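Peer 1: any chance you could fold what I've pasted below:
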Amino acid sequence: MEFRFEKLDAWQFAISFCDDIYEMTRRFPREEQFGLTSQIRRAAVSISANIAEGSGKTSNKDNARFIEIAYGSLMEVVSHIEIAKRQRFLSDEQYNESRNNADRLARILSGFRKHLATSTHTRP
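Peer 2: Just a heads-up that it's a prediction; the model follows:
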């Protein structure tokens, strides 16, 4: 059985983005395990979780609200990526790739939210 959210491009890309964040943070210093590593991972996990949770809502308005929350979590990840770069936990290549993927995910989420806002039907 496949859940509705699993078919969404936004959720699939958010899962891939989260995989990348986990891989990237494996190289962070050990002393950051309960600091930046934990913060950035939780924010990344929250993106796909909110997309999934929103898909279970009966109205597009409610679903759009969870997409907004997912977008906010993405902005938190972007902030953490900047801190990681400034602390020299990331190479320029890792930083640029992460920012590019965050930008792509932001555009996907924005488009999805706009789609939901213009659709007036509710789901069963």
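
Peer 1: low pLDDT regions in the chain?
Peer 2: The model of the chain has pLDDT under 70 over residues 120-124.

Peer 1: the residue most central in space within the chain: which element?
Peer 2: Most central residue of the chain, judged by C-alpha distance to the mean C-alpha position with Cα atoms, centre = their mean, is I47 at 3.4 Å. In the assignment (DSSP states H and E), I47 maps to helix 36-55.

Peer 1: could you find the closest non-adjacent residue to P29?
Peer 2: F89 (6.9 Å; Cβ to Cβ, 6 or more residues apart in numbering). Any C-beta I mention is one placed from the backbone N, CA and C, and that applies to glycine too.

Peer 1: can you pull the contacts of that neighbour?
Peer 2: Contacts for F89 were tallied using Cβ atoms under 8 Å, 6 or more residues apart in numbering; they are 27-29, 32, 36.

Peer 1: restricted to helices, list those residues.
Peer 2: Secondary structure of the contacts of F89 is defined by DSSP state H; positions in helices are L36.
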